[in-house]
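# fold the stuff below for me.
(one chain, ligands or ions: 2)
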Amino acid sequence: MKIFTAAQIHELDNYTIEHEPVKSIDLMERAAKALTRAIMDEWTDRTPVVVFAGPGNNGGDALAVARMLAENHYQVSVYLFNIHDKLSEDCAANKERLVYAKKVSHFTEITLNFDPPELTPETLVVDGLFGSGINKPLSGGFASLVRYINQSPAKVVSIDMPSGLMCEDNTYNVRQNIIRADLTLTLQQKKLSMMLTDCQQYLGRLRVLDIRLSPDYIRDTEVSCRIQEETDLIPCVRHRGDFVHKGTMGHALIIAGSYGMSGAAILATRACLRSGAGKVTVHTPKRNYGIMQVAVPEAVLQMDREETYFSDSVESQDYDALAIGPGLGQSENSAIALIGQIRRTQCPIVVDADGLNMLANHQAWMQQLPLGIIMTPHPKEFDRLVGVTSSSDYERLTKARQLAEHLQGYVLLKGHYSALCKPDGHIVFNSTGNSGMATAGSGDVLTGIIAGLLARGYDQATACQLGMYLHGLAGDLAVRDLGKESLIASDIINYLPKAFLRLED
Ligand SMILES: NC(=O)C1=CN([C@@H]2O[C@H](COP(=O)(O)OP(=O)(O)OC[C@H]3O[C@@H](n4cnc5c(N)ncnc54)[C@H](OP(=O)(O)O)[C@@H]3O)[C@@H](O)[C@H]2O)[C@@H](O)CC1
Ligand SMILES: [K+]
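Ligands and ions are numbered 1, 2, ... in the order given. I've put the predicted structure just below:
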């Protein structure tokens, strides 16, 4: 699914009106029908409904929904905020229709003062104050109203967007003045902010309603952000020939695990083996020998000369991919070995965890990273890497995009929806995964998967996209059987085969 900017959403709206063609008011009626249906799916006609409508088209939608719910025998009270005596054309038309229909039990147009109605636990609030046309944080009376709604025990359904939330950048927004919805019914496409971790709290459950906006515009318009779905990935999956052998299926090198952190090496290696690589070699400190041998008998072990930490870079010409970092520790010796390893490696590289932390500690080395490098930071690792703490996920994403462009590499920012920032400035959000995967070792598994896919011959972009999809899908399949609370990183590895099968089917 493409993610359009607020400006493109506006264009899409106009393009649909002009080319379908459809009258603007009829398009609003279509949207309102879809919204009403979605509300009626969840709340019966015994639910008292309070509709708050703003002066723009989001308010127009809300007024049309109010009329339709009332026609379906709901008790509906409507408050239209028209403090500047200026309604959008379609909002004004829907006000007329509402008044003319005489179906709602109460209608107030607020021009000056407003006494908010009582909102009980049984009440359903329809939030139609502001949608994609919001252009600054809410303040004054609107801010007070939002706080009143948020503090009430009522359920809230937001039309298109929780009012107060911007489509993209919420860095300087006033967070307590944004509606916290129980359900957000967004029209046609998800907006960028809906993919960011720090905006999830406003959305509640999110449903996307198809209101048949121009498929031509949707198909032909260039975007820089998209959400990847299964149908995007199925064509990318490679199928094994019948006559392959392990030597032709790729050889991955994993450099991971200091003494006491062998688990990270084990998880990355097992995930790598499960992701199609023909052979996996693990380079790890001597003292990990016994445990690695037992835990991953399928891997080739290559012992560092040091007992407890990674100390020396290794020849890498025989490998098709390198993953470096999980559980590696951050000693100065390991850091020097890390940059030495990165410098001498010719194959694709994925750097994670302590590998990233060591780069963060040696900022000058960032200039020496090879083109096409893959980094898989979680938000804290990313902040360390760029040397500043971001105050919003939008800001962090913007910096990740800049870093990918600057390095001409790939930054896979892990989060509620992980985001892959590509060298050309494009961002791909992942759509699989769940909160059960917020558990130690989950990141090591992702690193191993990406290394396995790289070794198997996928290019960097595909390995990252397919890797994050499979990782999340394995987690989703695991949760179905095991639940979120008990999920551990090994479960993700154990469900990788099922995830592959689903994509191969
Ligand atoms: N996409 C589609 O195809 C379809 C979209 N549809 C619907 O249209 C919605 C977008 O409508 P929209 O463009 O009229 O914007 P909307 O969100 O109602 O707000 C604009 C009004 O708010 C005002 N205003 C802004 N910020 C403010 C603030 N902080 N504090 C106070 N006021 C503020 C602004 O005033 P201005 O700044 O312009 O003076 C203006 O009056 C979209 O979300 C969806 O619900 C469907 O009907 C059909 C198909
Ligand atoms: K809204």
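
# thought residue 469 was touching residue 231?
No: using C-beta atoms under 8 Å, residue 469 makes no contact with residue 231, being 11.3 Å away. For glycine as for every other residue, the C-beta is placed from the backbone atoms N, C-alpha and C.

# which one's more surrounded, those two?
For residue 469 versus residue 231, neighbours defined as other C-beta atoms under 10 Å are more numerous around residue 469 (25 against 7).

# surely the more buried one is within a helix?
Yes: assignment of residue 469 by DSSP: H, G, I helix; E, B strand; the rest coil places it within a helix.

# does whatever residue of the stretch 251-400 of the chain ends up closest to ligand 2 count as helix, strand or coil?
Nearest residue of the stretch 251-400 of the chain to ligand 2 (C-beta to the ion) works out as residue 394 at 19.3 Å. Following three-state DSSP, the label given to residue 394 is helix.

# and residue 401, by the same measure?
Applying three-state DSSP: residue 401 is helix.

# same thing with residue 172?
Three-state call for residue 172 (three-state DSSP): coil.

# that one and residue 137 touch, don't they?
Yes: Residue 172 lies in contact with residue 137 (C-beta under 8 Å); the separation is 7.2 Å.

# could you measure from the residue nearest to the spatial centre of the chain over to residue 468?
Of all residues in the chain, the one closest to the mean position by C-alpha atoms, centre = their mean is residue 417, 2.2 Å from it. Residue 417 is 10 Å from residue 468, where distance means C-beta to C-beta, to the nearest Å.

# now the common contact residues for these two.
Both residue 417 and residue 468 are in contact with 430, 433, where contact means C-beta atoms under 8 Å, 6 or more residues apart in numbering.

# list the contacts for the closest residue to ligand 1 within the stretch 201-350 of the chain?
As assessed by C-beta to the nearest ligand atom, ligand 1 sits closest to residue 213 within the stretch 201-350 of the chain, at 5.3 Å. Neighbouring residues of residue 213 by C-beta under 8 Å, 6+ apart: 12-13, 16, 187-188.

# repeat for residue 369
Residue 369 makes contact with 342, 359, 407, 409 under the criterion C-beta under 8 Å, 6+ apart.

# which of those residues fall within helices?
Applying DSSP state H to the contacts of residue 369, the entries found in helices are 342, 359, 407.

# would you agree the first one is in contact with residue 370?
Yes: taking C-beta under 8 Å as the definition, residue 342 is a contact partner of residue 370 at 7.0 Å.

# between the two, which is the more surrounded one?
Between residue 342 and residue 370, residue 342 has the larger neighbour count (other C-beta under 10 Å), namely 21 against 15.

# quick check, residue 109 in a helix?
No: under three-state DSSP, residue 109 falls outside any helix and is assigned strand.

# tell me if I'm right that it and residue 85 touch.
No: here residue 109 does not reach residue 85: they are 10.0 Å apart, not a contact under C-beta under 8 Å.

# related to what we said a few turns ago, more neighbours: residue 172 and residue 137, which one.
Ranked by neighbour count (other C-beta under 10 Å), residue 172 and residue 137 place residue 137 first, with 17 against 12.

# surely that one is in a helix?
No: per three-state DSSP, residue 137 lies outside any helix segment and is coil.

# wait, it touches residue 177, no?
Yes: using C-beta under 8 Å, residue 137 makes contact with residue 177 at a distance of 6.2 Å.
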